[in-house]
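[1] Fold the following.
(one chain, ligands or ions: 1)
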Amino acid sequence: MKILRIAALIVCAMVLAGFIAGREFARGSHLSLVDFAVLLTNPPAVGVLGGDSLARLPVASAEILPGSVSRAVRYQEKSQYLNHTRTVVTHTIDDATQYVPVCLDTLDKYGVKATVFVSTEVQPISQLWPRLERAVGNGHEIGSHSRRHQCHWPDTAMFCFRAYSDYELSGSRGDILRHTTQPYVWSWCYPCGNCAALDFVHRKTAHAGYLIARNYPDEVHDGHVLPYLQTYDAHPYNATYTQVVQKMGGIAQNGRTGVSEVNAKFDEVYQRGGIYNFMSHPQWLDYGPGKFYETAFGAYSRPSGYLVCAHGALYTYHTVRESTLVRALDPKQSKGRFATYNNLDPHVYMNAITLEFDAGPATGIFPNGRAINERSLGVTDRWNEEYFRREDARIYLTVRPNRILEFR
Ligand SMILES: [Zn+2]
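    All right, here's what the predicted structure looks like:
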């Protein structure tokens, strides 16, 4: 009996110690039952609809023609990038600091669209919301950089479980939706690059509704300076970039501000027809004509076929392009009719994509019966604008999918 009592006391002491340790671990973390529940379930496929996409248009199967020709119009292919540009430039800026407005003003001066990652409980965020809302209206994207920007080296699994709570992940995207008119929050950015390689963190990020998460790899060893990615990252929840453009900051040993070395990387990506993806911290920049941040935009001021778009929109374009099908239809009275459709939720995937046609004698295009404009000059800087443009007999139609296209 005495042994049993001692054993019971030891068990009670262990339970009590575990309870106290657990309470200390969770103190201030905002961990909740949701944080445990999401570990046991697969994340949902964000923005994917069930049902029959063709029936939603609606198109009957009897209307679909074999091949890619509908009377006088031939469908060719989907352009790799929006507007059939050769290269894409995308830019991300991190942290809710007082330098965000001047950074956005500089971007607007050069027509560069960026994704602005903000931490929604870090001041001066309350003063930044009006400027961020204006940025949303001007084609920039607001992404989440958590609520409190918690960092720790080394980023152990215990730290990551505590820091990547639903409070931080879902809470911050709710804050952005509440404070701006942006209809969805597509993009996450890992504070200090911590925890970006952990599978359970990716799952929690997907559970919270994000489609893409940008990293900041190995800042301890300056690995974040030149990750040198030149296309889409195959790992969207641990997605890296081409290079930083910023002074030394944080725990890094080096910055990257040399105009020639920075622009040389843009030229390399441009030559290969890739994606030039650069990131900066607005608090580690110099602003004004001739200063390195503005001179870094010099390379894109040359007349050339590149598109500038926000980071989230670039990745959602990729998914929309992969998912969209185009079918030739019975032309009825028109010069050509096509169905363009996918199984993606248009409230999440809002992108237009560019489709290529040999349109013969057709002079107008009517998606779902409404005429769209022909564009003769320049490239769009929005990712959901609809228009078409011509190059000889080829028509590049930039249109949101899930439409019936009629050529007249
Ligand atoms: Zn940060």
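[2] residues from the stretch 101-250 of the chain in reach of the ion?
    Pro191 (C-beta under 5 Å from the ion). For glycine as for every other residue, the C-beta is placed from the backbone atoms N, C-alpha and C.
[3] Assign a three-state SS to Val34, would you?
    Val34 falls in the helix class when you classify it by DSSP: H, G, I helix; E, B strand; the rest coil.
[4] From Glu168, how far out is it?
    When distances are taken as C-beta to C-beta, to the nearest Å, Val34 and Glu168 turn out to be 12 Å apart.
[5] Give the residue from the two that has the larger number of neighbours.
    Comparing Val34 with Glu168 by other C-beta atoms under 10 Å, the one with more neighbours is Glu168, at 28 against 16.
[6] who are the neighbours in contact with that one?
    Contacts were defined as C-beta atoms under 8 Å, 6 or more residues apart in numbering; by that measure Glu168 touches His30, Ser146, Arg147, Arg148, Gln150.
[7] Who wins on neighbours among those?
    Most crowded among these, counting by other C-beta under 10 Å, is Ser146 at 26 neighbours.
[8] Skipping adjacent residues, who's closest to that residue in space?
    Setting aside the residues directly before and after it, Ser146 is nearest to Glu168 in space (C-beta to C-beta, 6 or more residues apart in numbering), at 4.6 Å.
[9] looking at this, the one you found is in a strand?
    No. Counting by three-state DSSP, Glu168 falls outside a strand, being helix.
[10] And the pLDDT for it?
    Reading off the per-residue confidence, Glu168 sits at a pLDDT of 97.
[11] in the stretch 301-408 of the chain, what residue is nearest the ion?
    Among residues of the stretch 301-408 of the chain, the one nearest the ion by C-beta to the ion turns out to be His311. It sits 14.8 Å away.
[12] contacting residues for that residue?
    Applying C-beta under 8 Å, 6+ apart, we find His311 in contact with Thr90, His91, Thr92, Ala114, Thr115, Glu141, Gly143, Ser187, Ile212, Arg214, Asn277.
[13] Can you classify the last one as helix, strand or coil?
    Classification of Asn277 into helix, strand or coil gives strand, according to three-state DSSP.
[14] do you know how far it is from Tyr184?
    Here the criterion is C-beta to C-beta. By it, Asn277 lies 21 Å from Tyr184.
[15] So between these two, which is more surrounded?
    With neighbours defined as other C-beta under 10 Å, Asn277 and Tyr184 compare such that Asn277 has more, 25 against 21.
[16] In the sheet, which residues pair with that one? Tell me.
    Under DSSP bridges, the beta-bridge partners of Asn277 are Thr90.
[17] and the gap between it and the ion?
    The span separating Asn277 from the ion equals 17 Å under the rule C-beta to the ion, to the nearest Å.
[18] I'd guessed that residue sits against Thr90; true?
    Yes. Judged on C-beta atoms under 8 Å, Asn277 makes contact with Thr90 at a distance of 5.0 Å.
[19] Check the burial of the nearest residue to Gly139 once chain neighbours are set aside by counting its neighbours.
    The shortest distance from Gly139 to any non-neighbouring residue, by C-beta to C-beta, 6+ apart, is to Lys113 (4.8 Å). Residues lying near Lys113 (other C-beta under 10 Å) number 24.
[20] now swap in Pro43 and tell me
    By the other C-beta under 10 Å criterion, the neighbourhood of Pro43 contains 16 residues.
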